[in-house]
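Q: Sequence and predicted structure, then a few things I'm wondering about:
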Amino acid sequence: NAGVMQNPRHLVRRRGQEARLRCSPMKGHSHVYWYRQLPEEGLKFMVYLQKENIIDESGMPKERFSAEFPKEGPSILRIQQVVRGDSAAYFCASSPLGQSSGNTIYFGEGSWLTVV
Amino acid sequence: AQKVTQVQTEISVVEKEDVTLDCVYETRDTTYYLFWYKQPPSGELVFLIRRNSFDEQNEISGRYSWNFQKSTSSFNFTITASQVVDSAVYFCALSVVTSGSRLTFGEGTQLTVNP
């Protein structure tokens, strides 16, 4: 049974470039979450998606960041015009039902973005 | 708003010692869930336990045990007879039904177990 799959594991981008992070949820899971872990900090919620719907994006920066979870294919977290402050680990997680029901969400291995 | 506080930023013990990681949470909701995750040096997040607010029974899983006390809003984690492989950052987290999807994490406790 594959867990939550994230790629790439490590990504280096120059300032101003775009970063695309992909996440395939666990089999049977239709809810995807993205969290960000800045250096030496805990994890902060960014966005919660179901297929073709953004349910909660209250943790997303207002500019340059977007997320999608299309009907087919992985969820994508997209960061445009990256800046050094975007350097962080980005974790994707999935659950079979919404977290509001208390279901455990399982995390992927993370994608480490470094902006140079 | 929810808040999770992990008082200890870093803990260092010698192998075979017992160690307790503290977690204190704040919420006005009566229905909530508490979690512990482990982040080893390789970076992934490993789920350890989930507990709902109506179940105050303590839980033991091998060398791991959890003490949930609503009266003090604490959900502490104890590792018995620690091993070097237990070295990791441990995160406590909280979710409430009214906030839907969000997990609120503490800042983490870096545990180092020395041989």
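A: Sure thing, it's come through.
Q: Low-confidence stretches in chain B?
A: B:100-101 (pLDDT under 70).
Q: where do the strands sit along it?
A: Assigned by DSSP state E, the strands in chain B fall at B:3-5, B:10-14, B:19-21, B:24-26, B:32-39, B:46-52, B:59-61, B:64-69, B:74-79, B:88-96, B:104-105, B:109-114.
Q: Can you check what angle separates the longest one from strand B:46-52?
A: By that I understand strand B:88-96. 30 degrees (axes from the mean of the first three to the mean of the last three C-alpha atoms, to 10 degrees).
Q: Any chance of a markdown table for the strands of chain B, columns mean neighbour count and distance to chain A?
A: Where C-beta positions appear, they are placed from N, C-alpha and C, glycine not excepted. Shown next, in a markdown table, are those (neighbours: other C-beta atoms under 10 Å in any protein chain shown; distance: least, C-beta to the nearest C-beta, whole Å):
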| stretch | mean neighbour count | distance to chain A |
| --- | --- | --- |
| strand B:3-5 | 16 | 8 |
| strand B:10-14 | 13 | 11 |
| strand B:19-21 | 18 | 14 |
| strand B:24-26 | 17 | 13 |
| strand B:32-39 | 21 | 5 |
| strand B:46-52 | 15 | 5 |
| strand B:59-61 | 10 | 14 |
| strand B:64-69 | 17 | 14 |
| strand B:74-79 | 19 | 15 |
| strand B:88-96 | 24 | 6 |
| strand B:104-105 | 22 | 4 |
| strand B:109-114 | 17 | 10 |
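Q: can you put those in CSV and add distance to A:C92?
A: Listed next are the strands of chain B as CSV, based on distance: least, C-beta to C-beta, whole Å:
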stretch, distance to A:C92
strand B:3-5, 21
strand B:10-14, 28
strand B:19-21, 25
strand B:24-26, 24
strand B:32-39, 14
strand B:46-52, 14
strand B:59-61, 26
strand B:64-69, 26
strand B:74-79, 25
strand B:88-96, 16
strand B:104-105, 15
strand B:109-114, 23
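Q: Quick one: closest of those strands to A:R78.
A: strand B:104-105 (23.5 Å; C-beta to C-beta).
Q: can you list the residues that contact the closest one?
A: Defining contact as C-beta atoms under 8 Å, 6 or more residues apart in numbering or on different chains, one finds that strand B:104-105 is touched by A:35, A:42-45, B:2-4, B:91-95.
Q: would you turn the residues you listed into CSV with distance to A:D86?
A: Below are the contacts of strand B:104-105 laid out as CSV (distance: C-beta to C-beta, whole Å):
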residue, distance to A:D86
A:Y35, 14
A:G42, 17
A:L43, 15
A:K44, 13
A:F45, 17
B:Q2, 25
B:K3, 26
B:V4, 25
B:F91, 22
B:C92, 26
B:A93, 23
B:L94, 26
B:S95, 26
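Q: Pick the one among these closest to A:S24.
A: A:Y35 (16.3 Å).
Q: And for the closest one, the neighbour number?
A: Neighbour count for A:Y35, taken as other C-beta atoms under 10 Å in any protein chain shown: 24.
Q: any idea how far chain B is from it?
A: 7 Å (C-beta to the nearest C-beta, to the nearest Å).
Q: and the next element down the chain from the host helix or strand of that residue?
A: Element membership of A:Y35 [criterion: DSSP states H and E] is strand A:31-37. Downstream of strand A:31-37, the first helix or strand assigned by DSSP H and E is strand A:43-50.
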